[in-house]
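Chemist: Okay, here's the prediction I keep looking at, along with the sequence it came from:
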Amino acid sequence: MREFNSELPQPIAGSYTRSRPLPPYRGILAVDAKDFTGRPAIEHEAVSRVVPELLKTALSRAELRDLWNDRLFPASTGDGYVFGFDPTRMPFVIHPLLLMLQDVLTDYNILSYGAVPIRLRVSLHVGPLPDTGDEFSGNGTARNDTHRLLDSRPVKAVLASHKENITHVAAILSERCYEDAVASGYTGRHRDHFVEVAATVDGKGFSQRAWIYVPQPSGPLYEEPANGDAAQEPVQEDIRSLERDDTQTPRVKNSAPHGNINTGTVHGGQSVSNHHVAGDHVGGNKAGRVRGFQGDQVRGNKYQGRQ
């Protein structure tokens, strides 16, 4: 009979049998470098070293140097970095840190002319995590979900669809992080800067509601394709809304609040004026409905018909 080694750590038994105190709540920040595995192997160590330095510089510029000095369970992930922090500072991590990280990466990539630019995905989450102070510290569901969000399809697709010389940061916030820090009004960014997505990870049983934030956008946001293919197709919003009646017959409803509609045939010239609205009128929460640039695009002579 083998003798049991009592010095080995014992598994936690009796889950769901008695109550225990929750570990302290922590904010969690994780970053990953885009296309890390596609780089030559000789560059991997350099990128692994520079990512935390870029993060440290951004924290300093955002006047959050104490978060770096006091970071909890810090760890390199090879192509990225993760650490925990006081969750009361989450609004400042969302803004201005993410914007400062965009600026730091812009400067770095300009000065590193000729090299492949470093672009980062960022995930933010909050939850109870133990801080034992050793290499096993910070493990738990909240940390696992932070990394799942970082690897999710929406944030990867957004960074891939934006111009590499302009957009260097794409962030994804967990639902709890968004509700606690953004929807509550504590973050210095309006809710309309954030777009709701379904965060899923290929090959993993993970699906959560999350929110995308891009400090410096340079392209449209993308929806999940219907065929599940990795390529993302842009979704163009139409001013017409399709409705179906009880017979499932499509019916088109045209609407233009405070605007002008002409659904007939026009012969000859036509001049239309609208003195009530400059631009498009959007009702509701545009961040939950609009994909792409949240503004008007004018092609040709915008004064045509008024001269």
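Modeler: Cool, the structure landed. Numbering: from 1, shown residues only.

Chemist: From now on I want contacts and neighbour counts done on CA atoms only, so please keep to that.
Modeler: Fine.

Chemist: Low-confidence ranges, this structure, go.
Modeler: 1-13, 37, 114, 222-307 (pLDDT under 70).

Chemist: which of the residues in the longest helix anywhere in it are buried?
Modeler: If you go by DSSP state H, the chain has its longest helix at helix 41-61. For helix 41-61, the neighbour count (16 or more other CA atoms under 10 Å) marks 47, 48, 51, 52, 55, 56, 57, 58, 59, 60, 61 as buried.

Chemist: Let's have the residues you listed in JSON lines, adding distance to residue 201.
Modeler: Listed next are these as JSON lines, based on distance: CA to CA, whole Å:
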{"residue": "47", "distance to residue 201": "24"}
{"residue": "48", "distance to residue 201": "23"}
{"residue": "51", "distance to residue 201": "23"}
{"residue": "52", "distance to residue 201": "25"}
{"residue": "55", "distance to residue 201": "25"}
{"residue": "56", "distance to residue 201": "28"}
{"residue": "57", "distance to residue 201": "30"}
{"residue": "58", "distance to residue 201": "28"}
{"residue": "59", "distance to residue 201": "29"}
{"residue": "60", "distance to residue 201": "32"}
{"residue": "61", "distance to residue 201": "33"}
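
Chemist: Among those, pick out the one closest to residue 187, please.
Modeler: Taking CA to CA as the measure, residue 187 lies nearest residue 59 of the buried residues of helix 41-61, at 16.3 Å.

Chemist: give me every residue that touches the closest one.
Modeler: 65, 67, 68, 97, 100, 101 (CA atoms under 8 Å, 6 or more residues apart in numbering).

Chemist: Show me just the buried residues among these.
Modeler: Buried among the contacts of residue 59 by 16+ other CA under 10 Å: 67, 68, 97, 100, 101.

Chemist: Out of those, name the ones that lie in helices.
Modeler: Checking the buried ones among the contacts of residue 59 against DSSP H, those in helices are 67, 68, 100, 101.

Chemist: residues touching the last one, list them.
Modeler: Shown in contact with residue 101 (CA under 8 Å, 6+ apart): 54, 55, 58, 59, 169.

Chemist: of all the residues you listed, which two lie farthest apart?
Modeler: 59 and 169 (14.6 Å).

Chemist: any idea which of the contacts of residue 59 is the one closest to residue 176?
Modeler: residue 97 (18.8 Å).

Chemist: Which stretches in the stretch 51-200 of the chain count as strands?
Modeler: 72-76, 80-85, 120-128, 169-174, 195-200 (DSSP state E, counting those that start in this stretch).

Chemist: winner for burial among these?
Modeler: Stretch with highest mean neighbour count among the strands of the stretch 51-200 of the chain: strand 169-174 (a mean of 28; mean count of other CA atoms under 10 Å).

Chemist: so what secondary structure elements neighbour that one?
Modeler: helix 98-111, strand 120-128, helix 141-150, helix 153-161, strand 207-213 (3 or more CA pairs under 8 Å, 6 or more residues apart in numbering; DSSP states H and E).

Chemist: My guess is residue 162 contacts residue 215. True?
Modeler: No. With contacts counted by CA atoms under 8 Å, residue 162 stays clear of residue 215, the gap being 11.8 Å.

Chemist: ok, back up a step: which of the strands of the stretch 51-200 of the chain sits closest to residue 32?
Modeler: strand 80-85 (4.1 Å).
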